[in-house]
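**Q** Any chance you could fold what I've pasted below:
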Amino acid sequence: MKDFGHAAFSLVSPITEEEAAAMHPMSLAFVGDAVQSLFMRTAVAVADGGKTGAQHREVTRTVNAVAQAAASARISPLFTEMEADVFRRARNCHIQTSAKHAERAEYRRASGLEAVLGFLFLTGNTERLTEFLALAAKEEEGC
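**A** The predicted structure follows:
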């Protein structure tokens, strides 16, 4: 996978960690899901350049609750105390919806990972964000 660097995922005006931590965990997860999707879509489009249907299938292979839950298990040992707190809050949040092809516990862990990704994006910690996104993608590729 091509390295896009962390500059591709930067906000003009990041918010503070305290502001991000005060946000609802599902709002953080909402942003994190979009960030992971954009990261993977960009990587697939640049690497492949093929038909969009095949690209979509490749992206959905890694951006889904089951894959995100597996990635969270691999990445969570690297969490800082603040990231672990964000993960726990999102994982334990009462979730109204559920994934079609995932167990409830997987969906909750996936939401936790998405919240951490959203937290890192919103606070401008793009270097760490890119590290986590690349780790999740590489592990799914079997690298």
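
**Q** okay, CA-based contacts and neighbour counts for the rest of this
**A** Fine.

**Q** okay, and for the protein, where does confidence drop off?
**A** By pLDDT under 70, the weakly predicted segments of the chain are 1-9, 96-100, 139-143.

**Q** quick check: longest helix of it.
**A** With residue count as the measure and DSSP state H as the assignment, the chain has helix 25-47 as its longest helix.

**Q** Please identify the buried residues of the helix or strand following it?
**A** Per DSSP states H and E, the first helix or strand lying C-terminal to helix 25-47 is helix 52-62. Residues Q55, V59, R61, T62 are the ones in helix 52-62 that count as buried (16 or more other CA atoms under 10 Å).

**Q** what do you get for stretch 25-36?
**A** Within stretch 25-36, the residues that qualify as buried by neighbour count (16+ other CA under 10 Å) are P25, M26, L28, A29, V31, G32, D33, V35, Q36.

**Q** got the contact list for the closest residue to the fourth one other than its chain neighbours?
**A** Right, the one you point to is A29. Of all residues not flanking A29 in the chain, A115 sits nearest, at 3.7 Å (CA to CA, 6 or more residues apart in numbering). Under the criterion of CA atoms under 8 Å, 6 or more residues apart in numbering, the contact partners of A115 comprise P25, M26, S27, L28, A29, F30, V31, G32, V86, F87, A90.
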